[in-house]
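[1] just need the structure, nothing else, for what follows:
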Amino acid sequence: MNPQTVSLISTFLNASLGVLKVVFGIFSNSIALIADGIHSSLDVISSFVTFLGLRTAKKPVDEKHPYGYFKAESLAGFFVTILLAITGIWIIIEAIKRFLGENPAVFSLRAIFVIIICIILQEIMTRIKFLYGRKFQSIALIADAKHSRADVLSSIGVLIGLFLIKYFNLADAIVALGIGSYILFETVLIGREVTDSLLDVANKKIEERIRKICVSHKIEIADLKTRKIGAYNFAELKIKLPLKLKVEEVGKITKNLEEKLLKNIPELKYVVISIEPYDMKRSVVVGTLGRKICEEEGFEKIGPEKIGERIIIPIKENKINDKFGSREYLLLDIKDQKVQRKEILKNPYFEKDAPKGTRFAKAVRADKVFTVQIGPNAEQNLKSIGIEIRLIKPNQNLEELINSLVSQVD
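    Sure, this is the predicted structure:
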């Protein structure tokens, strides 16, 4: 059984009970019983509105409604809340009239028998609504269930009043006044929940669960927003990822995260994930010849302080490595046509399938890279941050290359 079926059953039941209450309320001249009958009749409208809201909310997204029709359920809940408020106010007004001496009630065993049957059937229906409303996270069905619970309590009050009428005629009016006040109180509580849904209020519990999942997968959240639309929740995440990742890697991370969130948080309907790169602020200094020298901040730095112009050369077993990505690099600092620093540095980022030569060049603040060959992605990345690339011949003697570099430095 789904929420729509529950709403339809409730509609027919409330219609039958409402007619019974009104008829026997008129016979016994009980304002409380008549009011309760009208209350049940209004339940017919609210249950039908709930059914329409649930049905509309399940319509698929279209060009005009890219976020779906989920708010239709919230609108249905809002309409039910208005009906609830009208009922409460009407009952209070009629109770006040009875206090003023209008149309005293009469004791009736038939009316008592009818209200007992109504109470039993209403309570069964209320429990069913709560069960399926919570199971399917349906705001409208839960609101309707609270409406039905208010109807049950009001019927109990009416039953007590019908017993007391024989000894105290104003008991009927007192019970009706209490019923009306309780219904208005329930209206305020339900109204808050429905209004929050219509205003896209944030769901802090969902946000906390999202943060825990991201922490467990070592993903840093830059920004997180959630909003509740009907029975569902939407989330917008902005996560931080290193710039060095390839497009395919970023896509894989975001897809896996989205699947984890939707799988572990059933109330979550949609997740939008955007990427914010780690802070990579760049200051630019213009040299005497107009050449831009870029110095990155916010990126990890390794190696000694730079003296003059820094050159790196990939090496392997003290010879020039044919590949740019290498475990070791010869680092040269040249100033005033002299080698100020010459040392071999290990690449701490090196991996067999991903040598990460570009990352090493950034981290040591290289100005130039001398290499036999370099991949197009690495070349583009280095050029984008101002690192010059010079290709050299394979099998070239390392010392001879160093001597020639001194005279080449600008």
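[2] nearest residue to the middle of this structure?
    Ala235 (2.6 Å; C-alpha atoms, centre = their mean).
[3] mind checking the SS state of Leu83?
    Here Leu83 is helix, with the state taken from DSSP: H, G, I helix; E, B strand; the rest coil.
[4] over to Cys118?
    Cys118 ends up helix, using three-state DSSP.
[5] that one: neighbouring residues, count only.
    27 (other C-beta atoms under 10 Å). Quick note: C-beta positions are derived from backbone N, CA and C, even for glycine.
[6] quick one: it and Ile221, what's the gap?
    52 Å (C-beta to C-beta, to the nearest Å).
[7] how about Thr254?
    13 Å.
[8] show me which of the two is the more surrounded one.
    Thr254 (19 against 15).
[9] contact partners for the closest residue to that one other than its chain neighbours?
    Excluding the flanking residues, the one nearest Thr254 by C-beta to C-beta, 6 or more residues apart in numbering is Ile273, at 4.6 Å. If you count contacts by C-beta atoms under 8 Å, 6 or more residues apart in numbering, Ile273 has them with 237-239, 254, 257-258.
[10] any chance of the residues you listed in JSON lines, plus pLDDT?
    Output for the contacts of Ile273, formatted as JSON lines (pLDDT from 0 to 100):
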{"residue": "Leu237", "pLDDT": "86"}
{"residue": "Lys238", "pLDDT": "87"}
{"residue": "Ile239", "pLDDT": "87"}
{"residue": "Thr254", "pLDDT": "85"}
{"residue": "Leu257", "pLDDT": "89"}
{"residue": "Glu258", "pLDDT": "88"}
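[11] show me what the helix or strand that contains Gln4 is packed against.
    Element membership for Gln4 (DSSP states H and E) is helix 3-28. Helix 3-28 is packed against helix 31-57, helix 109-135, helix 139-164, with contacts defined by 3 or more C-beta pairs under 8 Å, 6 or more residues apart in numbering; DSSP states H and E.
[12] tabulate those (CSV), appending distance to Gly18 and mean pLDDT.
    As requested, the helices and strands packed on helix 3-28 are exported to CSV (distance: least, C-beta to C-beta, whole Å; pLDDT from 0 to 100):
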stretch, distance to Gly18, mean pLDDT
helix 31-57, 4, 69
helix 109-135, 9, 87
helix 139-164, 9, 78
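[13] ok, what's across the strand from the residue nearest to the centre of the chain?
    For Ala235, the beta-bridge partners are Thr226, Val271 (DSSP bridges).
[14] right, and it touches Asp223 too?
    No. Here Ala235 lies out of contact with Asp223, judged by C-beta atoms under 8 Å, at a distance of 11.0 Å.
[15] list the contacts of the residue nearest to Asp322 when sequence neighbours are not counted.
    Excluding its sequence neighbours, the residue lying closest to Asp322 (C-beta to C-beta, 6+ apart) is Val372, at 4.7 Å. The contact partners of Val372, by C-beta under 8 Å, 6+ apart, come to 320-324, 391-394.
[16] state the phi and psi torsions of Ile312.
    Main-chain torsions, Ile312, degrees, to the nearest 10: phi -120, psi 140.
[17] check it and give its pLDDT.
    pLDDT for Ile312: 94.
[18] and the nearest residue to Ser154 once chain neighbours are set aside, what is it in contact with?
    By the measure of C-beta to C-beta, 6+ apart, the closest residue to Ser154 outside its immediate chain neighbours is Ile179, 4.0 Å from it. For Ile179, the contacting residues are 32, 35-36, 91, 153-154, 157-158, by C-beta under 8 Å, 6+ apart.
[19] so which of the residues you listed wins on neighbours?
    Ala32 (35 neighbours).
[20] who touches it in this structure?
    25, 95, 105, 154, 157-158, 161-162, 172-173, 175-176, 179.
[21] the helices in the stretch 301-410 of the chain, which residues?
    For the stretch 301-410 of the chain, applying DSSP state H, counting those that start in this stretch gives helices covering 357-363, 376-384, 398-408.
[22] most tightly surrounded among those helices?
    With neighbours taken as mean count of other C-beta atoms under 10 Å, the helices of the stretch 301-410 of the chain reach their highest mean count in helix 357-363, at a mean of 24.
[23] of all the helices and strands packed on helix 3-28, which lies closest to Pro266?
    Set against Pro266 and scored by C-beta to C-beta, those come closest in helix 109-135, at 10.8 Å.
[24] what's the angle between that closest one and helix 139-164?
    160 degrees (axes from the mean of the first three to the mean of the last three C-alpha atoms, to 10 degrees).
[25] lowest-confidence helix or strand of the chain?
    strand 282-286 (a mean of 36; mean pLDDT, DSSP states H and E).
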